[in-house]
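In: Next one to model:
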Amino acid sequence: MLEISDNSTLLVTSMLNKETLIADLWSLDALGILDPSEKKNKLELQEEARDHFLSAVKVNEELRFQASLPWLDNHIPLKDNYNLTVKRLDNTVKRLKAENFMMLMEKFLMNGNEKAA
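Out: Numbers count the residues shown, from 1 in each chain. Reported below is the predicted structural model:
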């Protein structure tokens, strides 16, 4: 016959004592992930937004407003994907050359520039 250890019996008993909803298990709070907006009150967030706006908005030479993008605090730097882009360009050029489409495109661009002038 199958023996049940004391540990598994305690586990079943403790789970039956507390009613938990499946949705509660999926909540981010249960995982320890807290919403950053809950850490600061509404007035502090409004003040920070106002300060950022005043420091980020400028008037350029053409007398137009220019604003920088808002960045999150402690955000990891974004990748530039330069190497991936160069590799894709090289593969596209190879494919165009293999299909003799590259020469046709060069002729079109040269003739197109002459016709536009």
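
In: Where do the strands of this structure begin and end?
Out: 58-59, 65-66 (DSSP state E).

In: would TSV of these with mean pLDDT, distance to M103 and mean neighbour count be doable?
Out: Just so you know, the C-beta spots here come from the backbone N, C-alpha and C atoms, and that holds for glycine as well. Formatted as TSV, the strands of the chain follow (pLDDT from 0 to 100; distance: least, Cβ to Cβ, whole Å; neighbours: other Cβ atoms under 10 Å):
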stretch	mean pLDDT	distance to M103	mean neighbour count
strand 58-59	90	47	10
strand 65-66	89	43	10
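
In: among the helices and strands of the chain, which has the poorest mean pLDDT?
Out: helix 6-17 (a mean of 51; mean pLDDT, DSSP states H and E).

In: Indicate which one of the strands of the chain is closest to M105.
Out: Closest approach to M105 among the strands of the chain is made by strand 65-66 (36.1 Å; Cβ to Cβ).

In: could I get the strands of the chain as CSV with distance to N91?
Out: Formatted as CSV, the strands of the chain follow (distance: least, Cβ to Cβ, whole Å):
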stretch, distance to N91
strand 58-59, 40
strand 65-66, 37
